[in-house]
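**Q** build the 3D model from these lines:
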Amino acid sequence: MAGCASHVSAAATVGGLCVVLAWGWARLLESLNIGLQPQLYLAQPWLLFAVGALLFWACDRVSLCFDRIECIATAERRSLEADCWAREAELKALRAQLDPHFLLTA
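**A** Residues are numbered from 1 along each chain as shown. Below is the predicted model of the structure:
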């Protein structure tokens, strides 16, 4: 559960950061005096917060899926390597049974 709380707090932090960045962007546009309406960026700060937090959460989930896929692929690779080693050992044992004088030949 501690991991879940850290993810929620990180999403909330990113949401807040989106609001702060939007505020800064609005101030920059306002200072440029180029005829834009920067107040539109700040009209709905909760929407900016929610979108930022949801985008962070979505990216976090996608990253987690890729990590799990990589772990599964690594486990499968290790399993296949272990099977290969086991078959190789079995093959060596069978060859030793067919040629009992393998110890005498160098």
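
**Q** centroid-nearest residue for the chain?
**A** The C-alpha lying nearest the average C-alpha coordinate of the chain belongs to Ser63 (Cα atoms, centre = their mean; 2.1 Å).

**Q** where does the chain have low pLDDT?
**A** Applying pLDDT under 70 to the chain flags residues 1-3, 38, 41, 100-106.

**Q** for it, longest helix please?
**A** In the chain, assigned by DSSP state H, the helix with the most residues is helix 45-98.

**Q** who does that one touch, helix- and strand-wise?
**A** Using 3 or more Cβ pairs under 8 Å, 6 or more residues apart in numbering; DSSP states H and E, the elements in contact with helix 45-98 are helix 2-32. Just so you know, the C-beta spots here come from the backbone N, C-alpha and C atoms, and that holds for glycine as well.

**Q** if we can go back for a sec, how far away is the residue nearest to the centre of the chain from Ala10?
**A** 12 Å (Cβ to Cβ, to the nearest Å).

**Q** over to Leu42?
**A** 23 Å.

**Q** so what touches stretch 30-38?
**A** Contacts with stretch 30-38, where a contact means Cβ atoms under 8 Å, 6 or more residues apart in numbering, come from Trp25, Ala26, Arg27, Leu28, Leu29.

**Q** go with 10 Å
**A** Residues outside stretch 30-38 that contact it (Cβ atoms under 10 Å, 6 or more residues apart in numbering) are Ala22, Trp23, Trp25, Ala26, Arg27, Leu28, Leu29, Gln39, Tyr41, Ala43.
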